[in-house]
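Q: I'll drop the sequence and a predicted model, then ask my questions.
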Amino acid sequence: MWGDWYNPRIVNTLPIAEQKCSDTVRYFDWGVNTRLELIPTVRKVHRVFAPLAAEVAEGAALMAFLDGILREAERWGDTGAGVPPARGAHHTELPEDAAVTADEMERWAASLDTLFHAAGRLGTYCHFHLKKERREAIAAEGPTAAPLLSAGEYAELKRKNLLLNDLEILLGRTRLASYPLRVELDPTNECNLRCRGCRHGITKDFHHTELRRDYVEVLAEAFPYTDYMYPIGTGEPTMSSTLPVLINEAYRHGVKVDMLTNGTILEKADLPWEKFYRIGISVDGATEETMRALRPVAPLAHVLQSLRDLRAKAPQAMIYTKVTVSRMNYDELPALMEKLAEAGVNEVICHSLEVFHAVHEFIQVRAGDREHMMGCVEAARRAAESRGMSFVNALNFAGAARHDEKALDKPTMFQMLKENPLPVLKIHELASILESVKGVEFRYYPAGLEGREGFRPAAARPAGSRPAAVRVETMDSEIGALVRQARALRPHQVKIPYCFLPWKMSIVEADGRTRPCCHLSGHLDDLDQAKEFQDLWSGPGYAQLREGMFDWGKMPNDCMRCEEFDRSAYSEETLALADMLGVPIRMAPKHPAPMDVTKLIHTSRGKRSGFELLGASQRGDTFTIPPGAQILARFANPRRAAGVYYQGQFQIRGGKVLLGVKPLWGNDLWHYLVDGKVASWLGDWIGLPMPPLTVDFSGHNEAECAVFLWAPSDNAEAVTVRVREFTGVVTAAGPAYGDALQLRHFWSGVRA
């Protein structure tokens, strides 16, 4: 279950005395983690097997097996969702004087492992036994209900939810009234392929299940407020019986639907293709040989035809491909671009192979591959862009490369993959499942630990209070109240999380358990224990994780080790809001030292603005910017990496305004889109969302640069901008990128 990295049977080279102690701890950890997964699995399997039990001879005995585990879990007050993310090496500390030998601990852990696999196999039996019945029940449902609001009203509601969510972050809240910006879903963990980069290519012997219909009802509560839904996960989403109703329900509430599929059975999928915002297909090779080696049962020709068919079925959607790059295929990337362009693809995303099994080591890139690999990636980018496709390089070479040079040539890698057997799905007979648990006792802890301090049955902890979920009719008043609270914050009161994802995104797995991102192992809360979406979103698991984002001492180990960009994902909106409201997350210096600012713009009660007008007009301190027009302020090009700063207050009404920094007249070096309607929700005067920003001017030869406010050409009306107390646009030495957000603190400016 845990993989070779956790196997307590691995050879230990410690001295005998230390080895015995270490073995005992490892077996204890194995047992605790297995038990934490066993109980929620049994709870879910009990629910689906109960209606079938009366129909089969083994039903009563198997129900007794499940009931016994749940009764014991209830006695111990265990209502958890599985292994929670935690700080420290162990979820439960083993007392040093525990009267349990390593052999006894191993037998206890192995018994739990046996029960866990039996429960999972019973769940798989139920999944396939009930699959046809579930599909027919959903097909018999009536048409999807009409939208509750217009498209424009939904768009405004989602913007308000995003604003409310950012305000709750600035105020340090861990139980939320707002809803997540993004929901990722695993409609099913069943798959028809056995790809080398997925657990389906390693084993098929796990609990197969899919997102239940009643789960969709709970999730749909978030859809009016959520902007993005991504059906993806450990299985092939088109094999889920609930996927059509999930897509219809999301679409009617204005949610953008983005699905990634393996593209092999799309012709069998009865889906509302016209309702997708984006659709992606995984393609891992430019030749049939490579594709079949990495993605068995996924012929390249068939997948390319699926892409062509998608272009016809869903002309409104962005069609993209995801390529898992390994040593097997990086040299095929340029040739693959031509095939994808011919199939009608709009975007190609390349990401690294995640190495979590020994078979991956055969095809893992080596440190010495960097120059050749990056050359192939660059050639692929040029090939893609020359054919009108966008190319996204999401590769993490440093994290994916092995630092040994024991690389195999391509024919040998093909041979190694052929010799490595692929798993076969086996649906176990009920009699064999029952036989596997015969005589196996479920004990919450080993007998030698029960009764000690900390190892006694206890009542389940209360879930804790949570704020009422925001509603359409309460959204405006809630935003107004939180804006006032945020403006009143003082520096010592400001708390900014290490990672924003626990506030912005929820991943819901096929069995209903959740986590905030794909880099964090474990589970937070469970749809089985949620009557409303907010019971999940503001449940004890999410609340505890969010608390850990403010406290380095409580942060889970996975978060501390994270080197992914995701820790700052979605942070831009929150930090921009802080700038607009004057929340003292980061303070621009009033008197930056390195440049003479006397000739730059000043707007105060004693002096009018020096903004240049390009198609705009000015009356007093108010600028009117029609669509396509702009105002700007010039400054000398520092020709180096430098900080850019401003001081001032603004009032923006009407359409949208793009604020940015650029060389005259080059491309933008930084920009941010301000929505006039959102700005009006924040009160009369706001700052501009332009933080102390590091910009590299060294590659630009223009003599002058500018800070600009431009009204996009698609604005329906002119934008009015009032300016007061604008004290300058200047450059000063700024922070290096690696010293800012990525290292869990925020730079607060250069002091004069």
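A: It's in. Numbering: from 1, shown residues only.
Q: tell me if T514 really is in a strand.
A: Yes: under DSSP: H, G, I helix; E, B strand; the rest coil, T514 sits within a strand.
Q: who touches it in this structure?
A: 81, 506-508, 523-527, 536, 541-542 (CB atoms under 8 Å, 6 or more residues apart in numbering). The C-beta positions use only the backbone N, C-alpha and C, and glycine is treated the same way.
Q: and the residue nearest the centre of the chain, what pLDDT?
A: For the chain, the residue nearest the mean C-alpha position is C517 (4.1 Å; CA atoms, centre = their mean). You'll see C517 listed with a pLDDT of 87.
Q: you'd agree it is up against M505?
A: Yes: applying CB atoms under 8 Å as the test, C517 and M505 come out as touching, 6.7 Å apart.
Q: phi, psi of E184?
A: Backbone torsions of E184, given as degrees, to the nearest 10, read phi -100, psi 140.
Q: would you confirm that G233 contacts C191?
A: No: between G233 and C191 there is no contact under CB under 8 Å: 9.6 Å.
Q: which ones among the contacts of T514 lie within strands?
A: Within the contacts of T514, residues falling in strands by DSSP state E are 506-508.
Q: most neighbours among those, please name it.
A: Compared across those, S506 has the highest neighbour count, 26 neighbours, by other CB atoms under 10 Å.
Q: report the contact partners of that one.
A: Here S506 is in contact with 180, 182-184, 514, 516, 536-537 (CB under 8 Å, 6+ apart).
Q: mind running it again at 7 Å?
A: For S506, the contacting residues are 180, 183, 514, 516, 537, by CB atoms under 7 Å, 6 or more residues apart in numbering.
Q: max pairwise distance over the residues you listed: which two?
A: Maximum pairwise distance among those (CB to CB): 11.2 Å, between V183 and P516.
Q: can you verify my assumption that the residue nearest to the centre of the chain contacts L501?
A: Yes: with contact defined as CB atoms under 7 Å, C517 reaches L501; the gap is 4.8 Å.
Q: element containing A50?
A: Per DSSP states H and E, A50 falls inside helix 16-53.
Q: what is that helix packed up against?
A: Other helices and strands packing on helix 16-53, by 3 or more CB pairs under 7 Å, 6 or more residues apart in numbering; DSSP states H and E, are helix 59-75, helix 102-139.
Q: next, report how far that helix is displaced from the centre of its chain.
A: Taking CA atoms, centre = their mean, to the nearest Å, the mean C-alpha location of helix 16-53 is offset from the chain mean by 27 Å.
Q: quick one, that helix and helix 59-75 angle?
A: Interaxial angle, helix 16-53 versus helix 59-75 (axes from the mean of the first three to the mean of the last three CA atoms, to 10 degrees): 130 degrees.
Q: tell me which residues of helix 16-53 come out buried.
A: By neighbour count with 16 or more other CB atoms under 10 Å, helix 16-53 contains the buried residues 23-46, 48-49, 52-53.
Q: so what's the residue lying closest to E332 once chain neighbours are set aside up against?
A: Using CB to CB, 6 or more residues apart in numbering and skipping residues adjacent in sequence, the residue nearest E332 is A286, 3.9 Å away. Residues in contact with A286 (CB under 7 Å, 6+ apart) are 332, 335-336, 339.
Q: next, format the residues you listed as TSV and append pLDDT.
A: Listed next are the contacts of A286 as TSV, based on pLDDT from 0 to 100:
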residue	pLDDT
E332	97
A335	97
L336	98
K339	97
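Q: which one of these sits closest to H492?
A: Taking the contacts of A286 together and measuring to H492 by CB to CB, the closest member is L336, at 54.3 Å.
Q: so who does the closest one touch?
A: Under the criterion of CB under 7 Å, 6+ apart, the contact list for L336 reads 283, 286.
Q: what about it, which helix or strand?
A: Counting by DSSP H and E, the element that carries L336 is helix 333-342.
Q: Provide the strand pairings for the helix or strand following that helix, with the direction of each partner.
A: Sequence-wise, the next helix or strand downstream of helix 333-342 (DSSP H and E) is strand 347-352. Looking at strand 347-352 with DSSP bridges, its partner strands are strand 318-325 (parallel), strand 390-394 (parallel).
Q: how far out from the middle of the chain is the last one?
A: In this view, strand 390-394 has its centroid 18 Å away from the chain centroid, taken as CA atoms, centre = their mean.
Q: now the angle from it to helix 333-342?
A: Going by the same axes, to 10 degrees, strand 390-394 makes 140 degrees with helix 333-342.
Q: run through who's touching strand 390-394.
A: Strand 390-394 is contacted from outside by 346-351, 377, 380-381, 384-385, using CB under 7 Å, 6+ apart.
Q: now these in JSON lines, with neighbour count?
A: Shown next, in JSON lines, are the contacts of strand 390-394 (neighbours: other CB atoms under 10 Å):
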{"residue": "N346", "neighbour count": "16"}
{"residue": "E347", "neighbour count": "17"}
{"residue": "V348", "neighbour count": "27"}
{"residue": "I349", "neighbour count": "18"}
{"residue": "C350", "neighbour count": "22"}
{"residue": "H351", "neighbour count": "15"}
{"residue": "V377", "neighbour count": "19"}
{"residue": "A380", "neighbour count": "25"}
{"residue": "R381", "neighbour count": "20"}
{"residue": "A384", "neighbour count": "24"}
{"residue": "E385", "neighbour count": "13"}
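Q: pipe those into TSV and attach pLDDT and distance to R724 per row.
A: Output for the contacts of strand 390-394, formatted as TSV (pLDDT from 0 to 100; distance: CB to CB, whole Å):
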residue	pLDDT	distance to R724
N346	98	44
E347	98	43
V348	98	47
I349	97	45
C350	96	48
H351	93	47
V377	96	49
A380	98	50
R381	97	46
A384	98	47
E385	97	44
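Q: distance to K268 for the residues you listed - can I get that in JSON lines?
A: Shown next, in JSON lines, are these (distance: CB to CB, whole Å):
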{"residue": "N346", "distance to K268": "24"}
{"residue": "E347", "distance to K268": "25"}
{"residue": "V348", "distance to K268": "26"}
{"residue": "I349", "distance to K268": "25"}
{"residue": "C350", "distance to K268": "29"}
{"residue": "H351", "distance to K268": "27"}
{"residue": "V377", "distance to K268": "35"}
{"residue": "A380", "distance to K268": "32"}
{"residue": "R381", "distance to K268": "35"}
{"residue": "A384", "distance to K268": "30"}
{"residue": "E385", "distance to K268": "34"}
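Q: out of those, who's nearest C559?
A: Closest approach to C559 among those (CB to CB): H351, at 20.8 Å.
Q: where do the strands of the stretch 601-750 of the chain begin and end?
A: 612-614, 617-619, 622-625, 630-636, 641-653, 656-663, 670-675, 693-696, 704-710, 719-732 (DSSP state E, counting those that start in this stretch).
Q: and of the ones you listed, who's closest to D258?
A: strand 670-675 (21.0 Å).
Q: what is the orientation angle of that closest one with strand 641-653?
A: Using the same axes, to 10 degrees: strand 670-675 against strand 641-653 is 10 degrees.
Q: contacting residues around L122?
A: Residues counted as contacts of L122 (CB under 7 Å, 6+ apart) are 45, 49, 62, 433.
Q: of all those residues, which comes closest to E72?
A: Of all the contacts of L122, the one with the least separation from E72 (CB to CB) is V45, at 15.6 Å.
Q: that closest one touches T124, doesn't it?
A: No: the pair V45 / T124 is not scored as a contact, 9.3 Å apart, by CB under 7 Å.
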